[in-house]
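Asks: need coordinates for the below:
(chains A and B)
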Amino acid sequence: MTTLQRVWRLKNTILNLVASRCSSCGYITYPPKMRCPVCGSRELREEALPREGEVLSYTVIQVPAKGFEDFTPIIIALVRLGDAKVLSEVVDIKPENMSVGMRVVATVRRSAETIDGGVPYVVKFKPLKL
Amino acid sequence: MRKVYVAGVGMVKVGKHVDKSLRDLAGEAALKALEEAGNETPEAIVVGNMLSSLVEQENLASLIGDHIGLRGACGFKVEGACGSGGAALMTGYSLVASGLFSKVLVVGVEKLFERPSNDVIRGLAYAADADYELIYGITFSGLNALLMRYYMNKYGVKYEELAYWSVLMHKNGYKNPYAQLRNEITLEDVLKSPVIADPIRLYDSCPLSDGASAALLVSEDLRKATDTPVSIAGVSNSIDSVDLSSRLELDHLLASRVSAENALRIAKVSLREVDIAEIHDAYTITAALSIESIGFVEKGKAPKAWSEGRFSPGDKPSLNLSGGLKSRGHPVGATGVYQLAEVVMQLRGDFPGVSVPAEVGLTQNIGGAGSNITTIILRR
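Replies: As a prediction, this is how the structure comes out:
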């Protein structure tokens, strides 16, 4: 169970999708790190990821962890956003309509209640309708 | 560094032990290992465990050590998610190899059947990134399902090809008296089993398990007077990102490759010399990624290889003669120590299930979705 404090602390990286880009080798990583996982440089700068991207892989969770019963089945995807990848839920779509390569866009939605009774908002993805 | 030998091993049958507590399970395995080693008294106890907090118990080395009469000995717990057992073995090995101690007991233990399964499923997801993965309701099966679909899509591998691994594992585990799921299954059984996290079905997955396994590691002068002493010829542990998002490759277990290369180099053994191995097949996809990242076959080729009979008993290497995590079961923090005990028994020639003659064995124990991996090379 997450807490309000944790969600508050993560608001910038989670809601604005802030990654870290290495000033030395250019590698970008989400979630952000303190040191580049590729070259070891500590010269990293924050960079907001694009909010549109494509589904690299997805799963439909039928057996949930405690606290997520009301969200089941949960569609979770790894989404490519620019040069980085982000894991989150996909909403506004039936599981059978999901496909690898489909375009999605970030949207702010409600998540499972925190242990201290709060209703956190996080970034999820929805199908991009052109 | 001093040479390190395995003087005795002990296992409890993996399963649902309603009548046994965490300390009962650990104590039973530990005393079996000590008995096999001629009732030596260890100077230190290292415990591998991931989720004892679920049963409101930490301070495990003291709890278990005292339960088996080791007051005054050195003791602590080592944690590396599902790879805790392997990490505990590496720690125990280091204590003996360094000369600090000559007799170190390593115990892996896990007690899951004390809580409702949705609590346990959440607990297992503690191996994921709480801030960036668990917050969205991901489960451990879900993470592996993401890897599985990516792999199937990239290499054009069919679900059925991966699922066949489960059939092979049950065939081996059927004969292992320590295994949890001792029944043979068909491909149809796998295909008909319920979906947990699409594309992963129940029978693609290891079961939830209670269990404990132990090994007494000793210096060369104390090795058991037997014709077939087994040494730990090499051991290495390697980490990768916990989150899948920032992995460099989603179809390669970097930590598996690095720890295997290091362990083989330390052991002065080439991969071709490995006769048997116990690999960490928590899911069918984990088997494929493990086999490929250790280097037994190229990327994308493992399912085809095992469908054609590669890795079956008698092949070099023979994989998971115990039935693997799929059939033997996966008592999380104990699994790495089960793997060691099984390979030690294979090398000595006294494993009570499917067995093959072997000189060199390998164990690969994974924590998280590939983020903490220990590889051990054992030699007769």
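Asks: CA only for contacts and neighbour counts going forward, please
Replies: OK.
Asks: pretty sure B:D275 contacts B:A358?
Replies: Yes: the pair B:D275 and B:A358 qualifies as a contact (CA atoms under 8 Å) at a distance of 5.5 Å.
Asks: how close does the closest residue to chain B within chain A sit to A:P73?
Replies: Going by CA to the nearest CA, chain B is nearest to A:I61 of chain A, at 4.1 Å. According to CA to CA, to the nearest Å, A:I61 stands 5 Å off from A:P73.
Asks: who has more neighbours out of those two?
Replies: Counting neighbours by other CA atoms under 10 Å in any protein chain shown for A:I61 and for A:P73 shows that A:I61 has the greater number, 27 against 18.
Asks: in space, what's closest to the more buried one - neighbours in sequence excluded?
Replies: Spatially, and ignoring its direct neighbours in sequence, A:I61 is nearest to B:A197 (4.1 Å; CA to CA, 6 or more residues apart in numbering or on different chains).
Asks: again with B:D281
Replies: In this structure, B:D281 finds its nearest non-sequential neighbour in B:A287, 4.4 Å apart by CA to CA, 6+ apart.
Asks: for the residue of chain A closest to chain B, give me its contacts.
Replies: For A:I61, the residues meeting the contact criterion (CA atoms under 8 Å, 6 or more residues apart in numbering or on different chains) are A:T72, A:P73, A:I74, A:I75, A:I76, B:I138, B:T139, B:G142, B:I196, B:A197, B:D198.
Asks: ok, and for the one helix or strand B:S256 maps to, which residues are buried?
Replies: When secondary structure is defined using DSSP states H and E, the element that contains B:S256 is helix B:254-267. By neighbour count, and taking 16 or more other CA atoms under 10 Å in any protein chain shown as the criterion, the buried residues in helix B:254-267 are B:254-265, B:267.
Asks: could you give me the average pLDDT of it?
Replies: Average pLDDT, helix B:254-267: 98.
Asks: just list what that helix packs against, helices and strands only.
Replies: On a contact count with 3 or more CA pairs under 8 Å, 6 or more residues apart in numbering or on different chains; DSSP states H and E, helix B:254-267 meets strand B:230-239, helix B:284-294, strand B:360-367, strand B:372-379.
Asks: mind putting those in JSON lines, mean pLDDT and mean neighbour count included?
Replies: Shown next, in JSON lines, are the helices and strands packed on helix B:254-267 (pLDDT from 0 to 100; neighbours: other CA atoms under 10 Å in any protein chain shown):
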{"stretch": "strand B:230-239", "mean pLDDT": "98", "mean neighbour count": "23"}
{"stretch": "helix B:284-294", "mean pLDDT": "98", "mean neighbour count": "25"}
{"stretch": "strand B:360-367", "mean pLDDT": "98", "mean neighbour count": "28"}
{"stretch": "strand B:372-379", "mean pLDDT": "98", "mean neighbour count": "29"}
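Asks: will you turn the ones you listed into CSV that also has distance to B:V12?
Replies: CSV is the format used below for the helices and strands packed on helix B:254-267 (distance: least, CA to CA, whole Å):
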stretch, distance to B:V12
strand B:230-239, 21
helix B:284-294, 24
strand B:360-367, 19
strand B:372-379, 21
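Asks: list just the one of the ones you listed that sits closest to B:A33.
Replies: Evaluated with CA to CA, those place strand B:230-239 nearest to B:A33, the distance being 14.1 Å.
Asks: what does chain A have sitting close to chain B?
Replies: If contact is defined as CA under 8 Å from any CA of the partner chain, the residues of chain A in contact with chain B are A:1-2, A:6, A:10, A:14, A:29-31, A:56-66, A:68, A:74, A:76-78, A:84-89, A:111.
Asks: quick check: which element contains the residue nearest to A:I61?
Replies: Assigned by DSSP H and E, B:A197 falls within strand B:195-198.
Asks: ok now that strand, how far from the chain's centre?
Replies: The gap between where strand B:195-198 is centred and where its chain is centred comes out at 23 Å by CA atoms, centre = their mean, to the nearest Å.
Asks: how about stretch A:107-114?
Replies: A distance of 12 Å separates the centroid of the chain from that of stretch A:107-114, by CA atoms, centre = their mean.
Asks: ends of that stretch, how far apart?
Replies: The first and final residues of stretch A:107-114 sit 20 Å from each other (CA to CA).
Asks: show me which residues of the stretch 51-200 of chain B sit near chain A.
Replies: B:118-119, B:121-122, B:125, B:130-133, B:135-139, B:142, B:145-147, B:149-150, B:195-199.
Asks: the top strand by length along chain A pairs with which strands, parallel or anti?
Replies: The strand spanning the most residues in chain A, taking DSSP state E as the definition, is strand A:52-61. Taking DSSP bridges as the criterion, strand A:52-61 sits next to strand A:74-81 (antiparallel), strand A:103-110 (antiparallel), strand B:195-198 (antiparallel) in its sheet.
Asks: any buried residues in the second one, and which?
Replies: Burial within strand A:103-110, assessed by neighbour count using 16+ other CA under 10 Å, is assigned to A:R103, A:V104, A:V105, A:A106, A:T107.
Asks: so what pairs up with the second one in the strands?
Replies: It refers to A:V104. Per DSSP bridges, the residues bridged to A:V104 are A:G53, A:P127.
Asks: now do the contacts for B:S327.
Replies: With contacts taken as CA under 8 Å, 6+ apart, B:S327 has the following neighbours: B:S166, B:M169, B:H170, B:N172, B:G173, B:Y174, B:A179, B:Q180, B:L181, B:R182, B:C206, B:P207.
Asks: and the fourth one, how close does it get to A:Y121?
Replies: Distance of B:N172 to A:Y121, computed by CA to CA: 48 Å.
Asks: those two - which one has more neighbours?
Replies: Each of B:N172 and A:Y121 has its neighbours counted (other CA under 10 Å); B:N172 has more, 26 against 18.
Asks: which residues does that one contact?
Replies: Applying CA under 8 Å, 6+ apart, one finds that B:N172 lies in contact with B:N320, B:L321, B:S322, B:G323, B:S327, B:G353, B:V354.
Asks: repeat that for A:R45.
Replies: A:R45 is in contact with A:S20, A:R21, A:C22, A:S23, counting by CA under 8 Å, 6+ apart.
Asks: ok, 10 Å please
Replies: A:R45 sits next to A:V18, A:A19, A:S20, A:R21, A:C22, A:S23, A:G26, A:I28, A:P32, A:M34 when contact means CA atoms under 10 Å, 6 or more residues apart in numbering or on different chains.
Asks: give me the spatial nearest neighbour of residue 10, chain neighbours excluded.
Replies: All of this refers to chain A. Leaving aside its sequence neighbours, A:L10 sits nearest to B:D131 (CA to CA, 6+ apart; 7.7 Å).
Asks: you looked at the wrong chain, it should be chain B
Replies: That would be B:A33: by CA to CA, 6+ apart, it lies 4.2 Å from B:G10.
Asks: which element is that neighbour on?
Replies: helix B:22-36.
Asks: put the alpha carbons of the helix or strand just after that helix into PDB.
Replies: The helix or strand immediately downstream of helix B:22-36 is strand B:44-48, counting by DSSP H and E. Once side chains and other backbone atoms are set aside, the C-alpha atoms of strand B:44-48 remain, and they are given as PDB (Å, rounded to 0.1, in the frame of the first residue of the first chain):
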ATOM      1  CA  ALA B  44      28.100 -19.100  11.800                       C
ATOM      2  CA  ILE B  45      24.600 -19.200  10.400                       C
ATOM      3  CA  VAL B  46      23.600 -17.200   7.300                       C
ATOM      4  CA  VAL B  47      19.800 -17.200   6.500                       C
ATOM      5  CA  GLY B  48      18.300 -16.500   3.100                       C
END
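Asks: all set, thanks.
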